[in-house]
Every structure is written in structure tokens, then in C-alpha cells.
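S.K.: following is a predicted model, sequence given first.
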Amino acid sequence: MAYRTKTSILALLALILVAIFMTIKAGGNWDYILLLRGKKVLAIILTGGAIAYATLVFQTITNNRILTPSIMGLDSLYLMIQTFVIFLFGSNARMMIDSNLNFLLCVALMVLFSALLYKILFKRDQQNIYYLLLIGIIFGTLFQSLATFWQVLIDPNEFQAVQDKMFASFNNINTKLLGIAGILLVLVFAYVWRFTKYLDVLSLGREQAVNLGIDYDDVVKKLLVGVAILISIATALVGPITFLGLLVVNVTYEFMKTYRHAYLIPASVLISVIALVGGQLIVERVFTFSTTLSVIINFVGGIYFLYLLLKERKSW
């Protein structure tokens, strides 16, 4: 089957799921229903697209289909920021009430952390990308430990506010927040897309990329900055969804059967939208909001992660 045909099938399936999600049990209240559900769909498209795009680029850079950008500790940093603010100022602090301020501050701090990490680690010319991942794991563990420590100390009534931030939610999205996030994501997408032509070569490895004339370190630095910004915006918008990127990107590789990122990128975005819209339908119509979408995604993604580990082990 041609790659364009496969992409068209994914686009059609995504449109069908979105149409079902927008119209199911509307009850004639179209103005209210379309506005409410439209915000969720827009948040799903922005978040799913950002995570899928960032994870695909990250796995290409690292030449590893098991790693995701969350390994750099951005999810843990987001949770630590939320916990620290509630621990220090309480859940009624302006940063917790004002979603715009919360979003901008979280994005700024996560991007600043990534920039400092890259600046320190890439200061020397021959720094290994896996050294960056190792440091990211260490910082991620540190942030997670600090967040857990502060969660133990805060008032039990305040812990509910922290718990709301621990899981991604598409139910209460601020429209103004969607506008800011949408503009930022479009700008970052445009920035990262310029390097798409290099991704096919980068997937061959550092040595081959250098031999083929790619300025490897410079391109990788710029791509990692884009990945960090995409993940930061997606996480600050709806919360952490750890296994979404791992799940959709590996399904994309299996479905598309190609190395060409011009086809892989749109396919991964569409599969991400399909997974999130389908998952949200299950949350609302099957579980009647008794669980969150991130729990379902992480459950399925965790099982698939174990499958990938066992599959790699057999290949050894």
C-alpha cells in the first residue's frame, strides 16, 4: 500500500472519530456542545501533534525506539513546579488560579532548564548524546524525589490540587490558553520542519551523517531545543502523558514501514489524534469520567513498552 494511501486512511479515521466525538448524544444543543467539545478536540490536536512530533524527532536523534523526551526530566520538572508552588503558597496562589500565568511560567522554566542542560553538556565539541540522556535521567529522578517530598509535607486538603496536576486532562481547557499554545506550537513546528530533510540522514547514525556532510552537532542541538519546547508546551497545556509518544511513534513505524520522515511525521500526528480522541470517547462514554485519559494511555503504553523490551531482548 502506498504511503500516501496509508496517510489518507489515517486522516479519514481521525476525521470519523472527531465527527463521532463532536456529535454523539448532542441532544440538539449544538451551540453549547460544539463549543465545549471543539475546545477538547483542539487541545487534543495540539497536544497529540506536539508529543508525536517531538518523540519521533527525539528517537531519530538517539537512534532508539524505546526512549522518549520525558527521559530528560521535563515531566518531573513540571510536577515539581506545581508541587512547590502549592507547598510554598497554597492552592489559592495566583499562579494556580491564573491558568495563563501557570502555563507561561511552566513553559519558561522547562525551556530554561533544557537550554541550560544543553549549554553545559554541549559546551565541549565531542560530547555524547547519551551523556545528555544520563544527566536527564538523574535530574528527572531528583525532580520526582523533591516533588514527592513536598507532597508528603503539604496539607492533605492541598494535595488534591497537586493530584489534579499529576494526570493529563482535556475537560477543563482555557480557551485563551489554547490560543497561546496554538501560536507557540505553530511557530515551533515551522522551526523544526526546516530540519526534516536532515532527519532521514540522522537516522543512519552520527558517523554516517557526518560523512554525508551534515553538521551533526549543530543540527542536533537545534532539534533538541525544538523537542524541549514542544514537550514543555504540551505538558504545561494538559499535563504529563508519559507513554503517548512511545506508543504512537512505534505504531507509526509498524504501520508505515518507511524511514522517510516526510511520511512518518504526519502519520504519527494522525495516529496520536486517533489515540487521544478514541481514548477520550472511552473515558466519557464507557467509564463515565471515573478515570482520566492519561491513565488509559499510560496503561496501554506501559504494556506496549514491556512488549518492546521483550522484543529487543529476543533480538539480542
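M.R.: Perfect, thanks for sending it.
S.K.: what about the helices in this protein?
M.R.: Using DSSP state H, the helices of the chain run over 3-23, 30-62, 74-89, 94-97, 99-121, 129-153, 156-166, 175-193, 196-202, 206-211, 216-238, 244-256, 261-285, 293-315.
S.K.: could I get those helices in JSON lines, plus columns for mean neighbour count?
M.R.: C-beta here means a position set from N, CA and C on the backbone, and glycine is covered the same way. Conversion of these to JSON lines gives the following (neighbours: other Cβ atoms under 10 Å):
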{"stretch": "helix 3-23", "mean neighbour count": "15"}
{"stretch": "helix 30-62", "mean neighbour count": "21"}
{"stretch": "helix 74-89", "mean neighbour count": "21"}
{"stretch": "helix 94-97", "mean neighbour count": "14"}
{"stretch": "helix 99-121", "mean neighbour count": "17"}
{"stretch": "helix 129-153", "mean neighbour count": "15"}
{"stretch": "helix 156-166", "mean neighbour count": "15"}
{"stretch": "helix 175-193", "mean neighbour count": "16"}
{"stretch": "helix 196-202", "mean neighbour count": "18"}
{"stretch": "helix 206-211", "mean neighbour count": "14"}
{"stretch": "helix 216-238", "mean neighbour count": "22"}
{"stretch": "helix 244-256", "mean neighbour count": "22"}
{"stretch": "helix 261-285", "mean neighbour count": "22"}
{"stretch": "helix 293-315", "mean neighbour count": "15"}
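S.K.: now distance to T68 and mean pLDDT too, for those, in a markdown table please.
M.R.: A markdown table is the format used below for the helices of the chain (distance: least, Cβ to Cβ, whole Å; pLDDT from 0 to 100):
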| stretch | distance to T68 | mean pLDDT |
| --- | --- | --- |
| helix 3-23 | 21 | 91 |
| helix 30-62 | 5 | 87 |
| helix 74-89 | 9 | 86 |
| helix 94-97 | 27 | 76 |
| helix 99-121 | 15 | 81 |
| helix 129-153 | 11 | 85 |
| helix 156-166 | 18 | 79 |
| helix 175-193 | 16 | 86 |
| helix 196-202 | 17 | 87 |
| helix 206-211 | 20 | 86 |
| helix 216-238 | 9 | 85 |
| helix 244-256 | 5 | 90 |
| helix 261-285 | 13 | 90 |
| helix 293-315 | 9 | 78 |
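S.K.: R285 and I24 touch, don't they?
M.R.: Yes - here R285 lies in contact with I24, judged by Cβ atoms under 8 Å, at a distance of 7.1 Å.
S.K.: enumerate every residue touching the most centrally placed residue in the chain.
M.R.: Note on the chain: the residue nearest the mean C-alpha position is I51, at 3.0 Å, using Cα atoms, centre = their mean. Contacts of I51 were listed using Cβ atoms under 8 Å, 6 or more residues apart in numbering, and they are L230, I231, A234, I241, L244, G245, V248, S272.
S.K.: switch the cut-off to 6 Å
M.R.: By Cβ atoms under 6 Å, 6 or more residues apart in numbering, I51 lies in contact with A234, L244, G245.
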